[in-house]
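Enquirer: For reference, the sequence and a predicted model appear below.
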Amino acid sequence: MSGAIQYNATDAAQRVIDGLGRTEDVQFSPTQRRLAVAGFHANRIAVFDVEIARVAGEPRVALNEVVEIDSATLKGPHGLCFLDEDTLVVANREGSVEVLAVPAPDAGSDGGAAPRRTVLGGASGQIVTPGSVAARVLDDDTIELLVCNNYVNSVTRHVLDRRRGFVATSDGLLLQRRLEVPDGICFSPDSRWIAVSNHSTHSVLLYDRSRGLGPDREPDGVLQDAVGAHGVRFTFDQEFILVADAAARYVNVYKKEGETWGGTRDPVRLFEVMSPAMFARGRFNPQEGGPKGIDISKDTNVLVTTCESQTLAFFDVDEVVRVAEAPEGRVKRYLQWRLSEAMFNRLGYLARFPA
């Protein structure tokens with residue numbers, strides 16, 4: 001596949017990769033030296049020491065030391081993000097949102113991690129079936145955390161105090177209108193925009209934070225035609241947004257084409273991240289088989305993707321966004337077919353397995 005990067009892994013790292021099973025969100029640490037992956041069914045988080053460099057312009061990836069977090073509080077870990085090099089927030093689909101200390105690599109593959117703080121969402125219990133999380137630093141002592149609550153269709157906001165062990169000093173409902181199974185979330189690099197992927201509407205909603213937010217706020221922009229919209233990331237030049245399509249073999253590529261991300265956009269490219277055979281291996285239902293988590297290494301412009309049949313894969317972002325290779329008409333015709341197929345398959349699946 002174009003842009004694919006072969007990675008080297010130590011024996012210990014490869015054993016962990018092979019045992020993770022279904023993977024969900026993935027994220028590089030602030031220094032880009034660690035890579036955390038959520039093992040959904042294994043109820044574990046793998047944190048790899050990663051080295052990424054460009055040699056003669058070509059990216060190289062090495063996974064070295066590794067530690068697994070196996071806290072008893074991990075129950076369907078789905079989303080995660082780093083607060084700093086040694087602290088992770090984990091959203092448990094079947095539990096709560098936890099702030100966890102990341103053990104040192106020499107803790108080995110059985111490293112445990114006691115929760116530093118359970119994020120409760122305040123007295124109103126606003127956190128329900130949490131899926132993905134995103135954080136940004138407000139100042140040296142304060143962090144803003146956003147949580148996608150998948151099956152109650154909301155995004156909540158929590159302010160964490162680093163000095164007090166990341167206790168939540170405030171909680172509130174941030175976004176709700178038009179959300180239908182919000183499955184992924186991120187800030188733009190300049191923090192102006194929030195992107196929220198919606199699994200059931202095959203779209204990503206974009207919000208301009210300079211205009212204020214609230215539960216009744218309409219989105220400023222919409223990215224269309226992501227059949228199983230999941231992980232979402234802005235490129236660091238903020239010219240593109242990449243969306244993992246869990247129901248296809250692709251990462252959808254969207255281009256800004258203007259001063260803001262306002263308005264409605266179709267993908268300008270469908271970037272293949274797995275072979276048809278690899279996709280079929282994970283195709284347990286119409287919503288699965290494709291990439292789930294994605295992230296981009298800031299310093300080296302490398303994309304990482306996760307899914308059950310292809311635990312980890314790396315790609316050169318410069319190749320991902322080469323949009324001239326995908327004629328617009330062909331993309332639109334393919335998407336129309338994929339969406340029709342998704343609706344047909346989903347109706348058949350629901351008929352066999354009603355809620």
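Expert: Cool, the structure landed. Numbering: from 1, shown residues only.
Enquirer: tell me, how many neighbours does Ile5 end up with?
Expert: 18 (other CB atoms under 10 Å). C-beta coordinates here come from the backbone N, C-alpha and C atoms, glycine included.
Enquirer: next one: Ile17
Expert: 18.
Enquirer: Arg283 too?
Expert: Other residues lying near Arg283 total 16 when counted by other CB under 10 Å.
Enquirer: ok, now how distant is it from Ile294?
Expert: 19 Å (CB to CB, to the nearest Å).
Enquirer: now swap in Gln6 and tell me
Expert: As judged by CB to CB, Gln6 and Ile294 stand 18 Å apart.
Enquirer: repeat for Arg178
Expert: 23 Å.
Enquirer: likewise Leu213?
Expert: From Leu213 across to Ile294, the span is 24 Å (CB to CB).
Enquirer: Can you pull out the low-pLDDT segments for this structure?
Expert: Applying pLDDT under 70 to the chain picks out residues 1, 106-115, 120-124, 323-355.
Enquirer: Apply 50 and report the result again.
Expert: 109, 123, 325, 333, 344, 347-355 (pLDDT under 50).
Enquirer: more neighbours, Arg178 and Ile294?
Expert: Counted by other CB under 10 Å, Arg178 and Ile294 do not tie: Ile294 has more neighbours, with 25 against 16.
Enquirer: Phi first, then psi, for the more buried one.
Expert: phi -140, psi 150 (degrees, to the nearest 10).
Enquirer: Which stretches in the stretch 201-350 of the chain count as strands?
Expert: 203-208, 221-223, 229-234, 240-245, 250-255, 263-265, 269-272, 294-297, 302-305, 313-316 (DSSP state E, counting those that start in this stretch).
Enquirer: Val66: which of these is closest?
Expert: strand 302-305 (14.8 Å; CB to CB).
Enquirer: Please tell me how far the closest one is from the chain's geometric centre.
Expert: Centroid displacement of strand 302-305 relative to its chain, using CA atoms, centre = their mean, to the nearest Å, is 11 Å.
Enquirer: who are the neighbours of that strand, in terms of helices and strands?
Expert: Strand 302-305 sits against strand 23-28, strand 294-297, strand 313-316, helix 317-320, with contacts defined as 3 or more CB pairs under 8 Å, 6 or more residues apart in numbering; DSSP states H and E.
Enquirer: Can you tell me which of those is most buried?
Expert: Ranked by mean neighbour count, those are led by strand 23-28 with a mean of 26 (mean count of other CB atoms under 10 Å).
Enquirer: Parallel or antiparallel, which strands does it pair with?
Expert: Paired strands of strand 23-28, with direction, are strand 34-39 (antiparallel) (DSSP bridges).
Enquirer: With just CA atoms, put the strand it pairs with into CSV.
Expert: Extracted in CSV, the C-alpha atoms of strand 34-39 (Å, rounded to 0.1, in the frame of the first residue of the first chain):
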residue,chain,number,x,y,z
ARG,A,34,5.4,6.8,24.0
LEU,A,35,2.4,5.3,22.2
ALA,A,36,-0.7,4.1,24.1
VAL,A,37,-3.1,1.6,22.6
ALA,A,38,-6.5,0.6,24.1
GLY,A,39,-7.1,-3.2,24.2
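Enquirer: Show the subsequent helix or strand relative to that strand.
Expert: As assigned by DSSP states H and E, the chain's next helix or strand after strand 34-39 is strand 44-55.
Enquirer: and the helix or strand that that following strand is followed by with strand 44-55, angle?
Expert: Going down the chain from strand 44-55, the next helix or strand is strand 58-69, by DSSP H and E. Inter-element angle recorded for strand 58-69 and strand 44-55: 160 degrees (by axes from the mean of the first three to the mean of the last three CA atoms, to 10 degrees).
Enquirer: In terms of secondary structure, what does strand 58-69 contact?
Expert: So strand 58-69, by 3+ CB pairs under 8 Å, 6+ apart, packs with strand 4-5, strand 7-9, helix 11-19, strand 44-55, strand 313-316.
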